[in-house]
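Enquirer: I would like to see how this sequence folds:
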Amino acid sequence: MNKLRSMKEAIADSVKPGSSLVIDGFTHLICFAAGHEIIRQGISGLTAIRLTPDLVYDQLIEAGCVKKLVFSWAGNPGVGSLHALRRRSEAGAAERLELEEYSHFGLLSRLLAGSAGLPFWPLRNYSGGDIASANPAIKTVRCPYTGTELATVPALHPDVAIIHCQRADSQGNAQVWGLLGSQKEVAFAARRVIVVAEQIVPTEVLRKDPNRTVVPGIIVSHVVHEPWGCHPSFVQGFYDRDNDFYVKWEDISRQPETYRDYLEEFVHGVADRQGYLKRLESGLLERLRAKARVCEGVDYGY
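Expert: Down below sits the predicted model:
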């Protein structure tokens, strides 16, 4: 089945007001293009879920799309705060964002439980800090084998998971290499999955290297071909991280006025990702383009 759709079509069909949403990716493969399309479509009331919410979630928050944030660590990597998140979560904020915080492994464990079809996940965690006392969803259970008291977190089933990958076929089989995030766990836990790929290739290409297929097409609703869909984040083997943008973002996002100017120019002011790319600094994409460093293949012969 050919599941190829435009980003506009995939988001409109899958992400609804009030949906719970994960835009996955760890350091790389963070799909800013999907976040921007959600903002353009004005989808609001979202529960945004992510182990490490960074700039793309801050933009969704500033645009008024997010009602609740379920997260672990949050910030502008290597630079500082997420200022939209701070403005809507600190005491005195006019419209307070609802927050539900976990450790990294605590939130991952919720996705592990969801992907495995289990009601909860036990973990030896939370004994030395205050997160559990601030989050009533974290409970305890006594191990029936050892008698040890363990922390537990409930299974998580996001309405929509958006997974960016290096390559996929038109059926949604998605291959990832480099740093792995929680793509597999998020995809299997979610009710709907959108795969966004730098390249669309024939299924035969994927079958020649099957171990890189992290998400199988059988659980995928839509496939989007979106080259450079992660900028300013990076995609291993395709383009580097735009570190200058992350540094500049500290000043852009600090004031609501400059934040709104950015969203107006680069999100609302363009029709799609291609329009966004045309507004970037001349020569930037070529400077960020990855230089080849090809891994030797393996023999799957029989």
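Enquirer: tell me the domain ranges of this protein?
Expert: Residue ranges for each domain of the chain read 7-102+157-288, 104-154, as given by automatic domain parsing.
Enquirer: pick the most buried one from those.
Expert: Stretch with highest mean neighbour count among those: domain 7-102+157-288 (a mean of 19; mean count of other C-beta atoms under 10 Å). Placement of C-beta: from N, CA and C, glycine included.
Enquirer: can you give me the end-to-end span of that domain?
Expert: 23 Å (C-alpha to C-alpha, to the nearest Å).
Enquirer: ok, stretch 153-168 next?
Expert: End-to-end for stretch 153-168, by C-alpha to C-alpha: 32 Å.
Enquirer: same deal with stretch 119-136?
Expert: First-to-last distance for stretch 119-136 - C-alpha to C-alpha - comes to 16 Å.
Enquirer: residues in contact with it: which ones?
Expert: 100-103, 105-106, 109-110, 112-113, 138-139, 141, 143, 148, 150-155 (C-beta atoms under 8 Å, 6 or more residues apart in numbering).
Enquirer: likewise stretch 83-96?
Expert: 53, 57-59, 61-62, 69, 74, 97, 99, 253-254, 256, 259.
Enquirer: dump those residues into JSON lines; add distance to S6 as well.
Expert: Output for the contacts of stretch 83-96, formatted as JSON lines (distance: C-beta to C-beta, whole Å):
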{"residue": "P53", "distance to S6": "26"}
{"residue": "Y57", "distance to S6": "23"}
{"residue": "D58", "distance to S6": "25"}
{"residue": "Q59", "distance to S6": "21"}
{"residue": "I61", "distance to S6": "25"}
{"residue": "E62", "distance to S6": "25"}
{"residue": "L69", "distance to S6": "28"}
{"residue": "A74", "distance to S6": "30"}
{"residue": "L97", "distance to S6": "30"}
{"residue": "L99", "distance to S6": "33"}
{"residue": "S253", "distance to S6": "28"}
{"residue": "R254", "distance to S6": "34"}
{"residue": "P256", "distance to S6": "31"}
{"residue": "Y259", "distance to S6": "27"}
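Enquirer: restricted to helices, list these.
Expert: 57-59, 61-62, 253-254, 256, 259 (DSSP state H).
Enquirer: now, among the residues you listed, which is nearest to A161?
Expert: Y57 (14.5 Å; C-beta to C-beta).
Enquirer: name the nearest residue to the closest one, sequence neighbours excluded.
Expert: A48 (5.4 Å; C-beta to C-beta, 6 or more residues apart in numbering).
Enquirer: could you look up the SS state of the one you found?
Expert: For A48, the secondary structure call by DSSP: H, G, I helix; E, B strand; the rest coil comes out as strand.
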